[in-house]
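Asks: Next input, structure requested:
(one chain, ligands or ions: 2)
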Amino acid sequence: MAKIILTGDRPTGRLHVGHYAGSLKRRVELQESGEYDQIFIMIADAQALTDNADNPEKVRQNIIEVALDYLSAGLDPAKSTLFIQSQIPQLCELSFYYMNLVTVSRLQRNPTVKAEIQMRNFETSIPVGFFTYPISQAADITAFKATTVPVGEDQMPMIEQTREIVHKFNTIYGETLVMPDVLLPDNKACMRLPGIDGKAKMSKSLGNCIYLSDTEEDVRKKIMSMFTDPNHLKVEDPGQVEGNPVFIYLDAFCRDEHFARFLPEYQNLDELKAHYTRGGLGDVKVKKFLNNVIQDELAPIRERRKKYEADIPAVYQMLKEGSRKAEEVAAQTLADVKQAMKINYFDDQALIEEQARRFQA
Ligand code: ATP
Ligand code: MG
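Replies: Ligands and ions are numbered 1, 2, ... in the order given. As a prediction, the model looks like this:
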């Protein structure tokens, strides 16, 4: 069976290092591994509109931001198909049919949606589209016959929901849809990178992010102002590394070679953590090291970005071609689905003849 990737991001803001650690970096590695037959990367504008219906301009502006983030991070349109969700009408049709396979109470149980509803203060005024977005995500994944969905931990319940829909569809209508598997980061720190404010998740909607497109100076300022262990007041004080975002970022991004280059007094992160824990290591020193590590990761991304920013029309053209290609694939899946669901009346000559005989008899 072909190995196919589908994943994407909502164009609700520029992408940040949480996206990079949780998904984007992995996608680029998977793309370069040559192990996948097809890779689809979607800018999920229709999904972004489910909780931004009154702000279409925000979504519109962020399409190009996300596309530039993709290209700068190393996604290559020659190897991966980059496209825009709203340009693939088949996804709406698939969602509409999948809605019959999911109960309201099942959607209400989705922990990510629950948390997001709370975060957005929707209370009882939840848009139906937002409430049902896990179903539309199932359409996105299955339309491309994805076998692998590389995402951060917050997306686990969505993939679970998709798997249930696939199972139910195939049970009722016959083997049609491909069962996808989630691919989480192997590094625990990357699964859900916290915000620079110490909140559980770095998120565009919370404004606690280091963006891939931030300047060197922006990044430095953000890192130097980061939340750390609030009880680590004096350098001599013992500090806590668990739950300390500075150390979680180091867990996510730092490699032993960084010590040789930027902080040769230590061999590796374990030594640095041990010193911090026993006391005598100041936050400023750790933050300066983190800044070097993050700048090292972001430098090539910044460099590539300049090239793509110089030709924006070409980026839109690339997305247009990607969307056309994606639509062809989704159309084939929709045809399979309609056939399985017996709603392909005009393609079914046997049906027409059978009905003709019935009425002649
Ligand atoms: P929004 O607040 O609009 O939902 P978001 O920051 O949650 O934005 P999404 O576009 O919903 O971003 O998520 C895109 C991808 O990035 C998903 O695979 C998600 O798991 C991953 N991701 C988002 N935030 C983080 C994070 N802080 N750590 C790790 N992965 C993340
Ligand atoms: Mg999100």
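Asks: When you work out contacts or count neighbours from here on, use the C-alpha atoms and nothing else.
Replies: Fine.
Asks: hmm, stretch 98-117 in reach of ligand 1?
Replies: No - Stretch 98-117 lies out of reach of ligand 1 by CA under 6 Å from any ligand atom, never closer than 7.9 Å.
Asks: Run through the bridge partners of the residue lying closest to Ile84 once chain neighbours are set aside.
Replies: In space, Ile84 comes closest to Ile43 once its chain neighbours are excluded; the distance is 4.9 Å by CA to CA, 6 or more residues apart in numbering. In this entry, Ile43 is beta-bridged to Asp9, Ile84, by DSSP bridges.
Asks: going forward can the numbers begin at 58, since that is how I track them
Replies: Let's use 58 as the start, then, which means that last one is Ile100.
Asks: Ile100: neighbouring residues, count only.
Replies: 25 (other CA atoms under 10 Å).
Asks: Please point out which parts of stretch 369-384 sit buried.
Replies: Residues Val372, Met375, Leu376, Lys377, Glu378, Gly379, Ser380, Arg381, Lys382, Ala383, Glu384 are the ones in stretch 369-384 that count as buried (16 or more other CA atoms under 10 Å).
Asks: The first one contacts Ala124, correct?
Replies: This means Val372. Yes - counting by CA atoms under 8 Å, Val372 touches Ala124, with 7.4 Å between them.
Asks: Would you mind listing the buried residues in stretch 113-122?
Replies: Of all the residues in stretch 113-122, those buried under the rule 16+ other CA under 10 Å are Lys115, Val116, Asn119, Ile120, Ile121, Glu122.
Asks: Among those, which lie within helices?
Replies: Lys115, Val116, Asn119, Ile120, Ile121, Glu122 (DSSP state H).
Asks: Next up, the contacts around Ser302.
Replies: Not quite, residue 302 is Pro, not Ser. Residues in contact with Pro302 (CA atoms under 8 Å, 6 or more residues apart in numbering) are Pro251, Gly252, Ile253, Gly255, Met283, Phe284, Thr285.
Asks: 10 Å - rerun?
Replies: By CA atoms under 10 Å, 6 or more residues apart in numbering, the contact list for Pro302 reads 246, 250-257, 283-286, 308.
Asks: Who wins on neighbours among the residues you listed?
Replies: Within the contacts of Pro302, most neighbours by other CA under 10 Å means Leu250, with 27 neighbours.
Asks: Can you lay out the buried residues of stretch 369-384 as CSV showing distance to ligand 1?
Replies: Below are the buried residues of stretch 369-384 laid out as CSV (distance: CA to the nearest ligand atom, whole Å):
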residue, distance to ligand 1
Val372, 20
Met375, 21
Leu376, 18
Lys377, 20
Glu378, 22
Gly379, 19
Ser380, 19
Arg381, 22
Lys382, 22
Ala383, 19
Glu384, 21
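Asks: Get me the contact residues on the stretch 158-307 of the chain for ligand 1.
Replies: Neighbours of ligand 1 within the stretch 158-307 of the chain, by CA under 6 Å from any ligand atom: 208-212, 247-251, 258-262.
Asks: Drop anything exposed from these.
Replies: 208-212, 247-251, 258-261.
Asks: Of the residues of the stretch 158-307 of the chain next to ligand 1, which belong to helices?
Replies: Cys247, Met248.
Asks: Which of the residues of the stretch 158-307 of the chain next to ligand 1 scores worst on pLDDT?
Replies: When these are compared by pLDDT, Ser262 scores lowest at 74.
Asks: residues in contact with that one?
Replies: Applying CA under 10 Å, 6+ apart, the residues near Ser262 are Thr69, Gly70, Met176, Arg177.
Asks: again, but for Lys258
Replies: With contacts defined as CA under 10 Å, 6+ apart, the neighbours of Lys258 are Gly75, Asp211, Met248, Arg249, Leu250, Pro251, Gly252, Asn265, Cys266.
Asks: Could you find the closest non-adjacent residue to it?
Replies: Here the nearest residue to Lys258 in space, its sequence neighbours aside, is Pro251; by CA to CA, 6+ apart that works out to 4.1 Å.
Asks: quick one: that neighbour and Lys245 touch, right?
Replies: No - look at Pro251 against Lys245 with CA atoms under 10 Å: they stay out of range, at 11.8 Å.
Asks: shared neighbours of those two, which are they?
Replies: Contacts common to Pro251 and Lys245, judged by CA under 10 Å, 6+ apart, are Ile305.
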